[in-house]
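A.B. asks: how would this look folded up:
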Amino acid sequence: MRRYLDPDGLVHGLPTYPYRYAPDGLYTRSQLREMGLRPIADPVAQVMWDGSARHRRSGEPVRTAALYDITQTLLRDTPSLTRLAQLAIARACRRICPACDRMWPYVIPAAAGMCLDCQTLTAAGVPVGSSTDVFDPTAGRAAA
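C.D. replies: As a prediction, this is how the structure comes out:
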């Protein structure tokens, strides 16, 4: 706990507090969202804590969260029905594979740029396109 306690910001550049030790009136963006608020200014402090083993393996041994002063917030805008419809369409578009034009129940991985089935076909050397070909794993080729 002691290594993350820097209320003057001399070590980390911003006033820094250990996890669950932030002073009253300072909240994370998630906490503000739960209260129906949004920050209108830059963070005034931060919270630091040791990440889980999963984060340490990925090169992030220390986790941080920005803290905002509650006096520098506004009420969140309520989205209109049109905006909600636009967001629903945008979310649906993220589930359409650009290689096979099918909609999947998951978001298409951005790194691969195609659905998992198309990745499997590509790895097997089968050309992927907007067709009705179905991959037959027993034959190792596209079956009509």
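A.B. asks: alpha carbons only for contacts and neighbour counts from here, please
C.D. replies: OK.
A.B. asks: now the protein, which segments are flagged as low pLDDT?
C.D. replies: For the chain, the stretches with pLDDT under 70 are 1, 53-60, 130-144.
A.B. asks: mind listing the strands for it?
C.D. replies: Secondary structure of the chain (DSSP state E): strands at 16-18, 26-27, 37-39, 45-50, 62-69, 73-75, 134-136, 141-143.
A.B. asks: looking at the ones you listed, which is buried most?
C.D. replies: Mean neighbours per residue, mean count of other Cα atoms under 10 Å, is largest over these for strand 16-18, with a mean of 23.
A.B. asks: now the helices for the protein?
C.D. replies: With helices called from DSSP state H, the chain shows them at 29-34, 53-57, 81-93, 116-123.
A.B. asks: Looking at the ones you listed, which is nearest to residue 7?
C.D. replies: helix 29-34 (19.6 Å; Cα to Cα).
A.B. asks: Pull the residues that contact the closest one.
C.D. replies: For helix 29-34, the surrounding residues in contact (Cα atoms under 8 Å, 6 or more residues apart in numbering) are 38, 39, 66, 67, 68, 70, 76.
A.B. asks: Please identify which two of the residues you listed are farthest apart in space.
C.D. replies: Across the contacts of helix 29-34, no pair lies farther apart than 66 and 76, at 18.2 Å, counting by Cα to Cα.
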